[in-house]
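Enquirer: Following is a predicted model, sequence given first.
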Amino acid sequence: VYANNKGVVTGKVSGKINVSASGDAYGIYAPDEGSSIDVTVMNTVTVTSATGEATGVYAYGGGVILSGDQATVTADSGSGKDAYALRAQSSDIVLEQKGDVTLSATATGEGAAYGAYVPDERKLNINTNGGVSVDITGGTKGAYGLYAESGTSSSDITAKAASGAIRISAKATSGGAAYGLVTSGDGASISLSAGTISVDAANGAISANGGSVTVSADSRGSLAATGASAAVIYAANGASIDLTNIDAAAGTSGMLVIGSGDSAITARNSVLSGDIKHSDLTLGGLNKTNIMTLSLLNDTTFTGKANSPRIDINIDNTSAWNVTGNSSTEGVLSNAGGTVSFVNDGTDNTSCYRKVTVSKLQGTGGKYLMHADLESGKGDQITADTSDVSGTIAIVSPVKKGAYRARMAEDLVRITGDKNSSFTLSGDTYEY
């Protein structure tokens with residue numbers, strides 16, 4: 001389907017759209033400014049190129065609107081060339097479907113593959129009563145499920161599956177990287193909403209270099225990275241990531257989040273597992289002016305350790321941080337009635353005590369579940385430069401081990417500077 005020289009194409013395509021070419025190949029193509037395509041597609045769009053790029057739907061100069069019962073778009077490029085299922089290069093693309101939307105792209109050799117690519121000043125809207133499935137296989141240049149890139153303006157990708165699921169999978173061959181959701185630039189945004197959501201990619205489910213990513217599941221969703229050294233989430237340079245009803249678990253690397261520069265991750269009713277590293281370095285050492293903010297809200301649990309020049313962690317009164325290892329955030333730990341639980345190996349091994357180091361400890365009504373050994377005088381510990389905090393410390397194990405001691409050798413909470421702290425010991429405890 002081709003609209004050239006400010007041409008307008010409307011109507012219904014009942015049969016399949018199959019395009020096979022030796023060079024660059026396009027299935028639905030609006031190349032010129034002022035041209036437009038608004039059609040009902042009742043079947044599949046399949047594009048194959050032997051030696052060139054392959055693009056299923058290409059809004060180069062004019063906009064494209066597709067409607068119908070379902071949309072299946074497949075693009076396979078020639079060796080070393082790029083493949084796009086959807087490409088909103090200079091105009092917008094809208095998919096309004098009653099049923100499922102299926103996007104796939106395959107590139108080999110040095111080629112890159114995209115489920116959807118949206119550059120500066122462009123938009124992609126996918127609205128369906130069915131589901132959305134994106135399967136991408138790329139070459140050396142990588143594989144990207146949904147990719148929004150902004151410059152001086154904004155680029156937006158929105159996918160809504162009213163009563164279905166969104167599933168995104170990306171993998172690459174020949175050493176290429178693969179990411180599920182990618183934003184590049186301050187104005188780039190991706191928003192997914194559906195009953196269930198799954199984003200699975202070899203090198204990271206989310207890679208946000210600026211911009212914003214929202215993943216909101218009505219029921220439940222998941223984020224995963226399968227690569228041996230991959231993190232589930234990469235957040236850098238002002239990126240903002242918002243998760244609702246999402247399970248995100250680190251793979252074999254153990255890394256949940258790797259960040260740099262300013263960034264913010266907000267999780268609601270979610271389960272986050274794995275370690276967080278914010279590695280912003282300057283020539284002078286650690287740069288504490290760049291801050292990663294992690295907010296645990298609405299019954300969210302984060303299980304892992306966090307290390308950084310500066311991570312600010314906010315915990316509301318329904319959420320928890322399960323500390324699995326020594327953590328040095330050098331930021332503010334704000335516990336507004338939630339729980340900070342120190343996790344050891346279950347045997348009260350003194351070598352498994354954890355230490356959390358922050359610049360400031362604050363919040364009212366927080367609970368701190370800690371381990372301590374009276375006989376050795378050692379235990380879990382929180383250290384802070386300053387404090388404005390009140391809460392409850394519960395010694396969960398062991399209980400009254402060894403002879404009575406008026407004070408432990410090491411404090412459970414140590415504030416080295418200005419202090420405004422008030423803690424109550426709960427349960428079968430002792431003076432420490």
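Expert: The structure has been received and is ready for your questions.
Enquirer: count of neighbours near residue 86?
Expert: 30 (other Cβ atoms under 10 Å). Every C-beta, even on glycine, is put in place using the N, C-alpha and C of the backbone.
Enquirer: next SSE after the host helix or strand of it?
Expert: Using DSSP states H and E, residue 86 falls within strand 83-87. Downstream of strand 83-87, the first helix or strand assigned by DSSP H and E is strand 93-97.
Enquirer: Using PDB, list the CA coordinates for that following strand.
Expert: Extracted C-alpha coordinates of strand 93-97, given in PDB (Å, rounded to 0.1, in the frame of the first residue of the first chain):
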ATOM      1  CA  ILE A  93       1.400   5.700  13.300                       C
ATOM      2  CA  VAL A  94      -1.800   4.700  14.900                       C
ATOM      3  CA  LEU A  95      -3.100   1.100  15.200                       C
ATOM      4  CA  GLU A  96      -6.700   0.700  16.300                       C
ATOM      5  CA  GLN A  97      -7.500  -3.000  16.500                       C
END
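Enquirer: Parallel or antiparallel, which strands does that strand pair with?
Expert: strand 63-68 (parallel), strand 123-128 (parallel) (DSSP bridges).
Enquirer: and the residue lying closest to residue 364 once chain neighbours are set aside, what does it touch?
Expert: Among residues not flanking residue 364 along the chain, residue 390 sits closest, at 5.3 Å (Cβ to Cβ, 6 or more residues apart in numbering). The contact partners of residue 390, by Cβ atoms under 8 Å, 6 or more residues apart in numbering, come to 363-366, 421-423.
Enquirer: so residue 390 bridges to which residues?
Expert: residue 364, residue 422.
Enquirer: for residue 307, same thing?
Expert: residue 277, residue 328.
Enquirer: Serialize the strands paired with strand 93-97 to a markdown table and add fields for mean pLDDT.
Expert: Formatted as a markdown table, these follow (pLDDT from 0 to 100):
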| stretch | mean pLDDT |
| --- | --- |
| strand 63-68 | 94 |
| strand 123-128 | 97 |
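Enquirer: among the ones you listed, which is nearest residue 55?
Expert: strand 63-68 (11.1 Å; Cβ to Cβ).
Enquirer: Tabulate the strands paired with strand 93-97 in JSON lines, adding columns for mean neighbour count and distance to residue 197.
Expert: Shown next, in JSON lines, are the strands paired with strand 93-97 (neighbours: other Cβ atoms under 10 Å; distance: least, Cβ to Cβ, whole Å):
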{"stretch": "strand 63-68", "mean neighbour count": "21", "distance to residue 197": "22"}
{"stretch": "strand 123-128", "mean neighbour count": "21", "distance to residue 197": "13"}
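Enquirer: okay, those in a markdown table with distance to residue 383 next?
Expert: Shown next, in a markdown table, are the strands paired with strand 93-97 (distance: least, Cβ to Cβ, whole Å):
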| stretch | distance to residue 383 |
| --- | --- |
| strand 63-68 | 58 |
| strand 123-128 | 48 |
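Enquirer: where in this protein is pLDDT low?
Expert: The chain contains residues with pLDDT under 70 at 280-289, 345-351, 374-375, 398-409, 427-432.
Enquirer: can you do 50?
Expert: 281, 283-284, 431-432 (pLDDT under 50).
Enquirer: Mind checking what helix or strand follows the host helix or strand of residue 198 in sequence?
Expert: Taking DSSP H and E as the definition, residue 198 sits inside strand 188-201. Where DSSP H and E defines the elements, the next helix or strand beyond strand 188-201 is strand 204-209.
Enquirer: now for that following strand, which elements pack on it?
Expert: strand 178-184, strand 212-225, strand 233-236, strand 239-249 (3 or more Cβ pairs under 8 Å, 6 or more residues apart in numbering; DSSP states H and E).
Enquirer: who's in contact with that strand?
Expert: Contacts of strand 204-209 (Cβ under 8 Å, 6+ apart): 179-185, 199, 213, 215, 223-225, 227, 230-237, 239-241, 248, 263.
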